[in-house]
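Colleague: here you go, sequence then predicted model.
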Amino acid sequence: MLSAARHTLDIFCRVIDNLGDAGVCLRVARRMAGGFGWSVRIFIDAPEVIAPLLPPGLAHVDVLPWAAAEAPDTVPADCVIEAFGCELPAPYRGRMAARRADGEPAPRWLNLEYFSCEDWVAGSHGLPSPQADGLAKHFWIPGFRAGSAGVTVLPHAAPDRAARRAGAPLQALLFCYPYAPWAAWLAQAGQGGQTIELWVPAAGHGLHAASTGAVKVVREPLMDQARFDARLARLDFAFVRGEDSVVQAIVSGVPFIWNIYAQDDDAHQPKLAALLDWWCAGLHRDAAAVMQQVHQAWNSRRWPSAEAGVPSLWQRYLDMLPMLTEHARRVARRVRAEADLGTRLSQWVG
């Protein structure tokens, strides 16, 4: 049931990228409930996907099956988020329009898009799309550049980042799509001189990674979003996939290697290039070049073999890791100092 919070929010989500879509919606819900006292409902077509992500004791957030929104006694919220163009249930949308026809304020309705750092975002974010029933849907586009909706930033405790002991293993995450060249990377990293403790979450479907050489694989069960965030923030680097985990790595100041969700005709490549251009701004050119090369290899599904007498791509990344780490923390401080998506949404609704 909705409480007497200052505002109410309904988020609609159809799961496409497994945990990613659900994770983005849950993060928005947690931000608006915990940061602004809103009462939030998430209507989702796969509640079993989001259930393991819910932090214990989460208040003012209810997760409901999609069909619950179609019930005649479901009253639309003050603000309605249609995540990733999922289309609202017709009965629910009809009640939104009826409210307007009765002279009551219509819900603020927005379509939450996938995030992007591409130049077109500034000219599209916030634009209204008038509907035939008199309602208006606004496009809400997250991103890191000016003119976007920003990204969702949850309050966090500063991670314990004590100086790593000489010779201690690097702590890392492997969370990628099965088509990433993870096996070739693992073999190359296993032959290197740097020991790595590699966290492979249970959500890493299709990754049958096993310890090899310098790399010790640690498998852990799926954990709730708050625990995942805290664990991620303590890592030395992270292979991340989709949208939610790469944004969280950036916000946490962790060097990342992003496996972007692949689209037909390589339509995802400009989005990947735009993010790297933004993140690498101000980074030493040698480190930026390695960052670009690693991402190209990781997303082309071909990890290059080492050549005799030449440092491997992975060794060159490790050589740049101290510089990448310092830069990642600078970027995170800058992002956290800006108004995030939750703040901008609260201001927009009023």
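Modeller: Perfect, I can see it now. Numbering: from 1, shown residues only.
Colleague: quick one, domains of the protein?
Modeller: Following automatic domain parsing, one finds the domains of the chain at 8-150, 170-336.
Colleague: nearest to residue 347, out of those?
Modeller: Among the domains of the chain, domain 8-150 comes nearest to residue 347, with 10.2 Å by CB to CB. In short, each C-beta sits where N, CA and C put it, glycine included.
Colleague: centre of the chain to the closest one, how far?
Modeller: Between the centre of domain 8-150 and the centre of its chain there are 16 Å (CA atoms, centre = their mean, to the nearest Å).
Colleague: assumed residue 216 was part of a strand.
Modeller: Yes - counting by DSSP: H, G, I helix; E, B strand; the rest coil, residue 216 is part of a strand.
Colleague: specify the beta-bridge partners of it.
Modeller: Using DSSP bridges, the bridge partners assigned to residue 216 are residue 197.
Colleague: residues contacting it?
Modeller: 169, 195, 196, 197, 198 (CB atoms under 8 Å, 6 or more residues apart in numbering).
Colleague: for residue 3, report the pLDDT, please.
Modeller: Reported pLDDT at residue 3 in the predicted model: 42.
Colleague: SS state for the closest residue to residue 188 other than its chain neighbours?
Modeller: Leaving out its chain neighbours, the residue that sits closest to residue 188 by CB to CB, 6 or more residues apart in numbering is residue 314, at 5.1 Å. Counting by three-state DSSP, the backbone at residue 314 sits in helix.
Colleague: quick one: secondary structure of the residue nearest to residue 140 when sequence neighbours are not counted?
Modeller: Sequence neighbours aside, residue 110 is the residue nearest to residue 140 in space, at 4.2 Å (criterion: CB to CB, 6+ apart). Under three-state DSSP, residue 110 falls in the strand class.
Colleague: adjust the sequence numbering to begin at 496 for everything that follows.
Modeller: Renumbered: residue one is now 496, and that last one reads residue 605.
Colleague: for residue 605, give me its contacts.
Modeller: 574, 575, 576, 577, 632, 633, 634, 635.
Colleague: next: residue 688.
Modeller: Applying CB under 8 Å, 6+ apart, the residues contacting residue 688 are residue 709.
Colleague: that one and residue 782, how far apart?
Modeller: Per CB to CB, to the nearest Å, residue 688 is found 20 Å from residue 782.
Colleague: quick one on the thing from earlier: next, give me the two most distant ones among the contacts of residue 605.
Modeller: 574 and 634 (14.7 Å).
Colleague: can you redo the domains of the chain as CSV with distance to residue 837 and mean pLDDT?
Modeller: Converted to CSV, the domains of the chain look like this (distance: least, CB to CB, whole Å; pLDDT from 0 to 100):
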stretch, distance to residue 837, mean pLDDT
domain 503-645, 4, 94
domain 665-831, 12, 93
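Colleague: which stretches of the stretch 596-745 of the chain form helices?
Modeller: Remark: helices assigned in the stretch 596-745 of the chain by DSSP state H, counting those that start in this stretch are 616-619, 677-685, 720-728, 739-747.
Colleague: helices or strands next to the second one in the packing?
Modeller: The elements that helix 677-685 packs onto, with contact taken as 3 or more CB pairs under 8 Å, 6 or more residues apart in numbering; DSSP states H and E, are strand 710-715, helix 808-832.
Colleague: what's the closest of those to residue 525?
Modeller: Nearest of the helices and strands packed on helix 677-685 (CB to CB): helix 808-832, 16.2 Å.
Colleague: what residues sit buried inside the closest one?
Modeller: 808-813, 815-816, 818-820, 822-823, 826-827, 830 (16 or more other CB atoms under 10 Å).
Colleague: cool, and stretch 793-809?
Modeller: 793, 794, 798, 799, 807, 808, 809.
Colleague: residues making contact with that stretch?
Modeller: Stretch 793-809 is contacted from outside by 671, 674-676, 679-680, 683-684, 686-687, 734, 752-755, 757, 763-764, 767, 785, 788-789, 792, 810, 814, using CB under 8 Å, 6+ apart.
Colleague: any idea how far residue 686 is from the spatially closest residue to residue 685 that is not a sequence neighbour?
Modeller: Spatially, and ignoring its direct neighbours in sequence, residue 685 is nearest to residue 708 (3.2 Å; CB to CB, 6+ apart). Separation of residue 708 from residue 686 (CB to CB) stands at 6 Å.
Colleague: residue 601 now?
Modeller: From residue 601 across to residue 686, the span is 61 Å (CB to CB).
Colleague: and those two? Which one has more around it.
Modeller: Comparing residue 601 with residue 686 by other CB atoms under 10 Å, the one with more neighbours is residue 601, at 19 against 15.
Colleague: for the closest residue to residue 662 other than its chain neighbours, grab the count of nearby residues.
Modeller: Nearest residue to residue 662, sequence neighbours excluded (CB to CB, 6+ apart): residue 690, at 7.7 Å. By other CB under 10 Å, the residues close to residue 690 number 15.
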